[in-house]
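Participant: Attaching a predicted model along with its sequence, questions to come.
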Amino acid sequence: MIIAEHVHVRHLAFSTYRSLIVAVVLLAWAGTLNAQPPGQPDVKPLVVDPEQAKALGLRTLVGRHVTLYTDVPSSPAVDELPQVFDAAVPQWAAYFNIPPAKLHGWRMNAFLMRDAKKLRDSGLLPPHIPNFPNGYSLGYELWMNEQPSDYYRRHLLLHEATHGFMNTVLGSCGAPWFMEGLAELLGTHRWRDGKLTLGIMPRGKVEVPDLGRLPYVQDEVRAGRRQAVGDIVDDAVTGYVTNGAYAWSWAFATFLDGHPKYRDRFHRLQLQVRNLKFNDEFRKFYQSDLAQLAREWQVFANELEYGVEVPRVAINFVPGKPLPAGGASVSIAADRGWQPSAVKLEAGKTYRLQASGRYTVAQSTDAAGTVKPWPCEPGGVTLRYYRGRPLGMLLAAVEPDVLPVGTPSSMLTPLAVGLGTTITPEKSGTLYFRINDSNGELADNAGSLTVEIKPSP
């Protein structure tokens with residue numbers, strides 16, 4: 001289940017219309033607020049009268065960097081929210097390269113509500129803030145409705161607070177996909193024994209109750225509605241009132257943030273958040289390999305699974321060389337995603353692929369607690385299937401070295417090789433291999449296999 005999503009005041013550059021609305025809002029509210037933030041000098045924190053809060057039935061929970069006002073009854077998960085918030089601040093500082101000294105005295109006001117009308121009537125939820133289903137962030141304040149699970153309540157707090165941090169410390173949040181992608185990325189967390197970890201890839205849906213981002217993307221991919229890079233980056237402000245936009249922006253941010261080739265440039269985009277042409281800068285940053293990025297993104301989205309480690313499935317696109325007359329041999333690791341063979345096949349010619357080797361594709365624990373690896377050969381193991389094929393089966397794809405943006409990758413529809421097969425590619429390209437396994441379950445694999453590639457007589 002995907003919770004209906006929150007909305008926010010957007011980056012001033014998103015559209016002329018939205019720029020005017022934001023400017024009017026900030027000017028209208030300036031008279032009711034008091035100190036200056038480091039990033040947006042015309043936005044000031046709201047002053048809350050403690051007696052007014054008490055009269056409204058709001059409990060006040062104070063942390064180092066946040067004051068939380070709430071009409072939600074006391075519980076350990078609610079009362080520790082300031083601790084969660086405070087634990088996030090040094091991680092935001094590290095992620096955005098902010099010197100800790102700059103955050104001395106920085107804090108936000110957070111409102112966790114069961115009865116939003118009560119706060120709106122009192123003015124603690126200002127009249128210019130529109131109705132929202134879940135959460136809203138503006139300057140040093142965030143408001144959030146009570147949520148059905150402890151996890152999603154924390155997620156929403158961290159999401160909205162990420163916006164608050166970026167707006168007040170960096171000065172803005174960038175384009176919608178970047179703003180929401182980062183808030184979703186840094187809102188996806190693990191909270192255990194008082195320790196917070198931001199930006200996790202969930203191991204499964206049980207770990208992140210009510211957070212349906214990954215299942216949404218999977219469902220859309222299965223339905224043939226995969227979002228390309230341009231679809232995500234160019235999504236307008238209006239797109240961010242739907243769950244889908246949040247899910248895709250999270251997945252794309254996760255991909256860029258975790259990819260060894262793309263992550264440094266993704267982090268440098270933080271310096272462009274106040275740039276009125278943020279998306280133009282994004283394209284400049286990735287101009288040299290944008291087509292390759294777009295190709296790899298569609299493969300990543302197609303194979304997205306809980307627990308995926310982005311570096312493990314990063315694809316090294318290396319153009320192959322013509323197959324020697326005597327053939328070639330390539331080793332394929334069982335614990336990685338798609339891997340190049342360094343061999344280029346020609347369209348219309350027939351080739352024989354022969355695979356051999358023994359590796360492990362999973363582990364199980366017996367009644368005595370002994371961990372036993374699952375041995376496998378290139379034909380796969382029929383004890384378990386993944387995407388309709390035996391787990392561990394060798395797969396192949398012939399990928400053109402130049403693939404125009406928008407053209408589907410052949411890795412989306414891989415060929416079954418198993419112990420051996422004959423292929424006649426329709427297009428010339430480099431031959432890639434991987435074993436058939438969930439991208440979220442590659443880490444417990446071990447070993448490799450060998451593929452012999454020969455011209456077919």
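Facilitator: Sure thing, it's come through. Residues are numbered from 1 along each chain as shown.

Participant: and this structure, what are its domains?
Facilitator: 1-311, 315-455 (automatic domain parsing).

Participant: What segments of the stretch 1-150 of the chain are strands?
Facilitator: Along the stretch 1-150 of the chain, the stretches classed as strands by DSSP state E, counting those that start in this stretch are 59-62, 66-70, 108-113, 135-138, 141-145.

Participant: Tell me how far the fourth one lies from the chain's centre.
Facilitator: Spelled out, that is strand 135-138. Counting by C-alpha atoms, centre = their mean, to the nearest Å, strand 135-138 is centred 20 Å from the centre of its parent chain.

Participant: what are the ranges of the strands in the stretch 201-350 of the chain?
Facilitator: Counting by DSSP E, counting those that start in this stretch, the strands of the stretch 201-350 of the chain are 321-322, 328-333, 339-345.

Participant: out of the ones you listed, deepest packed?
Facilitator: Among the strands of the stretch 201-350 of the chain, judged by mean count of other C-beta atoms under 10 Å, the one packed with the most neighbours on average is strand 339-345 (a mean of 20). Placement of C-beta: from N, CA and C, glycine included.

Participant: mind listing what's buried in the helix or strand that that one is followed by?
Facilitator: Once the chain leaves strand 339-345, the next helix or strand it forms, by DSSP states H and E, is strand 351-356. Judged by neighbour count using 16 or more other C-beta atoms under 10 Å, the buried positions of strand 351-356 are 351, 353, 354, 355.

Participant: go on, stretch 194-211?
Facilitator: Buried residues in stretch 194-211, counting neighbours by 16+ other C-beta under 10 Å, are found at 196, 198, 199, 201, 202, 207, 208, 209, 210, 211.

Participant: how close does the fourth one get to residue 232?
Facilitator: Between residue 201 and residue 232 the computed distance is 18 Å (C-beta to C-beta, to the nearest Å).

Participant: and if you look at the last one?
Facilitator: Taking C-beta to C-beta as the measure, residue 211 falls 19 Å from residue 232.

Participant: got a markdown table for the strands of the stretch 1-150 of the chain, with mean pLDDT too?
Facilitator: Putting the strands of the stretch 1-150 of the chain into a markdown table (pLDDT from 0 to 100) gives the following:
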| stretch | mean pLDDT |
| --- | --- |
| strand 59-62 | 97 |
| strand 66-70 | 98 |
| strand 108-113 | 98 |
| strand 135-138 | 95 |
| strand 141-145 | 97 |
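
Participant: Let me know which of those is the nearest to residue 178.
Facilitator: strand 135-138 (15.1 Å; C-beta to C-beta).

Participant: Neighbouring strands - and their directions - for the closest one?
Facilitator: Within its sheet, and counting by DSSP bridges, strand 135-138 is paired with strand 141-145 (antiparallel).

Participant: ok, back up a step: make CSV from the strands of the stretch 201-350 of the chain and add distance to residue 106 and mean pLDDT to it.
Facilitator: Supplementary listing: those in CSV, determined by distance: least, C-beta to C-beta, whole Å; pLDDT from 0 to 100:
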stretch, distance to residue 106, mean pLDDT
strand 321-322, 56, 96
strand 328-333, 46, 98
strand 339-345, 46, 97
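
Participant: These into TSV, with extra columns for distance to residue 101?
Facilitator: Formatted as TSV, the entries for the strands of the stretch 201-350 of the chain read as follows, by distance: least, C-beta to C-beta, whole Å:
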stretch	distance to residue 101
strand 321-322	54
strand 328-333	45
strand 339-345	46
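
Participant: So which of these is nearest residue 227?
Facilitator: Closest to residue 227 of those is strand 339-345 (C-beta to C-beta; 25.7 Å).

Participant: The closest one versus strand 351-356: what angle between them?
Facilitator: 150 degrees (axes from the mean of the first three to the mean of the last three C-alpha atoms, to 10 degrees).
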